[in-house]
Every structure is written in structure tokens, then in C-alpha cells.
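Enquirer: all I have is the shape, not the residue letters:
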């Protein structure tokens, strides 16, 4: 990494320290939610954008993280700090299981099964309301004894940066090279000695674990966990952020998350049209500009950033 | 005993409707390697069209059904032409596009038709006594016979006609098929339309029995996917056998185990198939 490339993220991180000093509580909340989506969309992009596997269970894994950690805190009094790690572990294990079953059969199977997994999880959470409180939502404790949006903002910022560093490291490491080899030409990759299936299962497991961690954080921030967290609607939002921002690029999903979350605050007044609008935009982007906003902004800028 | 037979009959009736819907998915997967995640939404739209044509516009129900199916066929052709064709060879983008489309259509259905189930009029009333064992609704029996007729027609279309032969040629080897003069763009477009029309057919056949709702669409897609994986991707026979198995399991499971978890039986089957026989009952063990 040369000096020029090194300074850009550092400048952004330094700038990211200041928002709590001037933003209102409301916009600070929007920033925290955006950071949650940054974690979600970037980790989804790790599998979809870099290995070409479309998982529809990313929101479901964040729900697993949220419910595991939340229920451990409520019923066993476990500290949320430990709970989110357990939630992340459970998400990783489920990811490993689903990945192992489906990926050897090809990408289509992964998409079908993860979609099924999301639906089943929603049904179980809604029906087992004795434990999950169903659609009423489960009230869970927060991370801090004294509630302050600023502390949550810094917590989300630090973890988002850590996840992004891990993602950046993965896609620029040997492993990332194999990911891209698998994406570009599966046959060539496997004939040059890469175990394409193992690589994909690994990527899927890491990505699911990240979703679990993000979900755990989100649940303890909202302090109310509902079946909306693992819903397909949420999955759609994450997917739309990555697609609109630009899949297969490091910066794309980050940009897409802030863009869509901030935009949705402005078009909230249109209520139910809001999903429809995002859907139509995502559809047009996927159809006409598959590299997303980043692709439109120009490859030059991207090359400074990521390569 | 007669209770058990009735649940079993329900399972068989649902099974043939599952089969029609699953063949719609399987055709498209077999030929184009594309999974249509908007399948359930097309099914729902057809159900609502047949309701509105017959109730709001006064079209006779027997005419409203094929009209709705034809309309969904055109929608399918339009989808293929505008959204799917540019993604050929890129499996990932076709998955993403049809998923986003399913969310768009689901929300559009909520806005256009509202969240309430609408039931088209029955074609027939009353019930028939079956072998002196139990009474069964005539509408369900009629839906069953219509479905059987449609299945026979699909098998004829695919096994006997020139269109069917070109479909099978493209699904076996796209390059060879175009060498011998099959226009695979046309075949793709028509089979996507046919797949959509089959979703629509299942929708109009079931709507008088179980009214459709916009929120039910993902469950419908999922059921079709489970049947396709169970039967073996690309196998028509597999869709029929898989549909019947799932239909019976769901109905007997709902009756004797739990109604809340009707959906879960399908998912359990899916996981079991992936563990023990990932290529499905009639699929080819390739790779």
C-alpha cells in the first residue's frame, strides 16, 4: 500500500470522529444505522461481489446474532459484550452448515436454500413467541449503563472499521486472489489447484459470522429485537445498498449504505412507496450499470482506493 | 380413517397444483440456468387478475382464468426480453434481478390489490361423495381435474411437439442446438413465458380454493423450489412426484403435527434432500 492510498482512509476515519459534536440526536441515529448497514452490505459483498455466490440469508444471520445475544442476555443474564460473540459464533456455524450443504451443488442451490432458511427463521421467531415475544419484539439490555447515542456511534464506528479492515485484508490477500480466480473462471481456478468449493464455503462462513456480529450490535442498540431484523425486506435493503453502491468493489457497499439510509430518511413520507422506489432503482442499476454508483463515478477514482 | 383419506386427498389435490407451479420453475432452470424468484408473485398476480376480471369486469370465470394466464405469459415474455436476456451467462445477476423484481412486484401487489385475500367465484358448487367414504368439495375436484389436464398438456407439449424438442435441445447443449438451427433466444423467451404462464395457471386454479394474498408469495416460490430440488433440477417427472410428496406431507403434517409449521415440512425435506441425495429423485448425478 503506497502512501497516497494509506492517507485516504485515515482522513476519513479522522473525519468520522467529529459527527457526535455537531449532529443532532436524530441524525446521529441515522449515522449509527448507516454504520450497521455498512457492516451488512460490505460483508454480503464479500461473498456476492467477490465469489459470485448470492446468499439471501444475510439478514437472517444478523437476526440469529441479534436473537441469540438478546435471549442470552434476557434469560441467562449474559453480558451483551459476550453475547454478541456467541451470536457471531452461532451464525458462523449455521453458515458453515448451509454452505457445506449447498455450495458443492452450485450457486443456485445456495440462493434457494438461503431464501428458505430466511423464511423458516421468520416463521419460527413469529410462532415461538413464548421465547422470542414474536412480532411484539423482545426487549433486551443495551451495552452501556448510561444511554448515549455518542457512545453507540463510536462503538459502531470502531467495529465497522475493524470489519472493513478484515474485509480489505481478505480481498487483498492470497485468499482474495483465490476468490477472484474462482469468480472469473471457475474451471481455470480449479485446474490450477484451487479448491473452489472450500474457498466459497470459507467466504460464506466468514461473511455469515460478520452478519451475526452486526445483528448482535444492532439488537442491543435498538434494545428491541423484532422479526423485521431477519426479514427478506431487510435482506432486500442490504442487497440494494451493495448493488446500487457497486458490487465487487470495496467502497461501493459503504457508499451505497450511507446513500440509501440517508435517502430513506427523506423519502420516508412516501411510506409504502419507499421499498418500491428502491426496488426500481436497484433493478435499473443492476440492468444498466452493474458496477453501481462507483462504476459510474469512474474507475480512476476507484483505482486510487482499492487496487 | 375417512378423515385420513380426506387429508390425503387434499394432499394430492395440492400436490398436482404444486407440480404445475414447480414445472414452471424447472423449465426455466433447465433451459436458461435462471431461477425466477418472482415466481410466487406471478402466481399471486394471476389469482388477483382472475378475481378482478370476473368480479369487477364481469367476465365469465371460465374465460377469466385463461385470460389471466395469457396475461402472465405476456408479462413473462416481457421480463425475459427486458431484464433477463442481458444477464445470460451471468448467473449471479439473474438471481439478483429476479429477487429484486420479486420485492418490487410484491409491493406493487400490496399497493394495487391491498393486503386482503380475494376469492374468485367458484366454477361449481356442492360436494361429491367419494366411494361412500367422505364428502369432497366439487370445486376442489374440478381444480384437480383441470390440473391433471394441464399436466398432460405440458407433457405432450414438451415430449411431442417441435417446440418441446427445441426446448430439450437447448437445455442439453445450447451450442449444438443453435448449430442445428434452433434460435435459442426465441426458445429462451418462449420458455420463460411458459414458465410464467405455469405460475399463473397454478394461481388461477388455486385461487377459488385458497384465496391468494400478496404476502403469501415468497412461500409459494419456496414451495416450488423445494419441489424442484426434491424431484431433481430440470426433471418434469420429478416435479410431479415431488409435488405430490410435498402436498401430502404438508397436509398430513398440518393435520397431525402442527398447522403453524406447514412451511417447515418443506424446508426439512429440502435439507434432507441436500444431505442425502442432492441431485434429487430424478435428477442426473453430474459434477
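Expert: Looks like it came in fine. Keep in mind that what you see is a predicted model, and the values were worked out from it rather than measured. Residues are numbered from 1 along each chain as shown, chains lettered A, B, ... in the order given.
Enquirer: find me the pLDDT at the closest residue to chain B within the stretch 201-307 of chain A, would you?
Expert: With Cβ to the nearest Cβ as the measure, residue A:279 is the residue of the stretch 201-307 of chain A nearest to chain B, at 3.7 Å. Heads up, the C-betas are built off the backbone N, CA and C, glycines and all. We have a pLDDT of 89 for residue A:279.
Enquirer: where does it fall, secondary structure wise?
Expert: Residue A:279 belongs to helix A:273-288 when elements are defined using DSSP states H and E.
Enquirer: re the thing from before, spatially, what comes nearest to the residue of the stretch 201-307 of chain A closest to chain B if we skip its sequence neighbours?
Expert: With Cβ to Cβ, 6 or more residues apart in numbering or on different chains as the measure, residue B:104 is the residue that lies nearest to residue A:279, at 3.7 Å, once sequence neighbours are left out.
Enquirer: ok, the one you found - contacts?
Expert: Taking Cβ atoms under 8 Å, 6 or more residues apart in numbering or on different chains as the contact definition, residue B:104 lies against A:276, A:279, A:280, A:283.
Enquirer: would you confirm that it belongs to a helix?
Expert: Yes: counting by DSSP: H, G, I helix; E, B strand; the rest coil, residue B:104 is found in a helix.
Enquirer: surely residue B:170 meets residue B:187?
Expert: Yes: between residue B:170 and residue B:187 there is a contact under Cβ atoms under 8 Å: 4.9 Å.
Enquirer: now do the shared contacts for the two.
Expert: With Cβ under 8 Å, 6+ apart, residue B:170 and residue B:187 have common neighbours B:31, B:177.
Enquirer: which residues in the stretch 51-200 of chain A form strands?
Expert: Counting by DSSP state E, counting those that start in this stretch, the stretch 51-200 of chain A has these strands, from start to end: A:138-139.
Enquirer: equivalent analysis for the stretch 151-287 of chain B, please.
Expert: If you assign secondary structure with DSSP E, counting those that start in this stretch, the stretch 151-287 of chain B ends up with no strands.
Enquirer: contact partners for the nearest residue to residue B:214 once chain neighbours are set aside?
Expert: By the measure of Cβ to Cβ, 6+ apart, the closest residue to residue B:214 outside its immediate chain neighbours is residue B:109, 3.9 Å from it. Shown in contact with residue B:109 (Cβ under 8 Å, 6+ apart): B:41, B:44, B:45, B:48, B:214, B:217.
Enquirer: take these and lay them out in CSV including neighbour count and pLDDT.
Expert: Below are the contacts of residue B:109 laid out as CSV (neighbours: other Cβ atoms under 10 Å in any protein chain shown; pLDDT from 0 to 100):
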residue, neighbour count, pLDDT
B:41, 28, 93
B:44, 26, 91
B:45, 27, 92
B:48, 24, 90
B:214, 23, 85
B:217, 25, 87
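Enquirer: closest one of the residues you listed to residue A:21?
Expert: Closest approach between these and residue A:21, by Cβ to Cβ: residue B:214, at 45.2 Å.
Enquirer: please name the nearest non-neighbouring residue to residue A:44.
Expert: What sits nearest to residue A:44 in space, not counting adjacent residues and going by Cβ to Cβ, 6+ apart, is residue A:58, at 4.7 Å.
Enquirer: can you pull the contacts of residue 241?
Expert: I'll assume chain A. Counting by Cβ under 8 Å, 6+ apart, the residues that residue A:241 touches are A:37, A:40, A:41, A:253, A:256, A:257, A:259, A:260, A:261.
Enquirer: meant chain B, my bad for not saying
Expert: Under the criterion of Cβ under 8 Å, 6+ apart, the contact list for residue B:241 reads B:231, B:281, B:282.
Enquirer: need those residues in JSON lines (columns: distance to residue A:138, neighbour count and pLDDT).
Expert: Written out in JSON lines, the entries for the contacts of residue B:241 read as follows (distance: Cβ to Cβ, whole Å; neighbours: other Cβ atoms under 10 Å in any protein chain shown; pLDDT from 0 to 100):
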{"residue": "B:231", "distance to residue A:138": "39", "neighbour count": "29", "pLDDT": "91"}
{"residue": "B:281", "distance to residue A:138": "41", "neighbour count": "16", "pLDDT": "87"}
{"residue": "B:282", "distance to residue A:138": "44", "neighbour count": "18", "pLDDT": "87"}
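Enquirer: next step: those residues restricted to helices.
Expert: Counting by DSSP state H, those place residue B:231 in helices.
Enquirer: could you check how far the closest residue in space to residue A:118 that isn't next to it in sequence is from chain B?
Expert: Ranked by Cβ to Cβ, 6+ apart and with sequence neighbours excluded, the top spatial neighbour of residue A:118 is residue A:60, at 4.2 Å. As defined by Cβ to the nearest Cβ, to the nearest Å, residue A:60 lies at a distance of 12 Å from chain B.
Enquirer: report how many residues lie close to residue A:60.
Expert: One way to gauge burial is a neighbour count; for residue A:60, by other Cβ atoms under 10 Å in any protein chain shown, it gives 33.
Enquirer: next one: residue A:91
Expert: The local packing count at residue A:91 equals 31, with neighbours defined by other Cβ under 10 Å.
Enquirer: one more: the one 5 residues further on?
Expert: Neighbour count of residue A:96, defined by other Cβ under 10 Å: 17.
Enquirer: verify the contact between it and residue A:198 for me.
Expert: No: distance between residue A:96 and residue A:198: 11.4 Å, which falls outside the contact criterion (Cβ under 8 Å).
Enquirer: before we move on, the earlier item: looking at the contacts of residue B:104, state which has the most neighbours.
Expert: Among the contacts of residue B:104, the one with the most neighbours (other Cβ under 10 Å) is residue A:279, at 22 neighbours.
Enquirer: in a strand, that's where residue A:227 is, yeah?
Expert: No: if the criterion is three-state DSSP, then residue A:227 is coil and not within a strand.
Enquirer: spatially nearest residue to it, not counting backbone neighbours?
Expert: When the adjacent residues along the chain are set aside, residue A:227 lies closest to residue A:125, with 4.8 Å between them (Cβ to Cβ, 6+ apart).
Enquirer: local confidence estimate at that neighbour?
Expert: With respect to pLDDT, residue A:125 scores 90.
Enquirer: tell me if the helix or strand where residue B:5 lies is near chain A.
Expert: Here residue B:5, judged by DSSP H and E, is contained in helix B:2-32. Yes: against chain A, helix B:2-32 shows contacts by Cβ under 8 Å from any Cβ of the partner chain at residue B:29.
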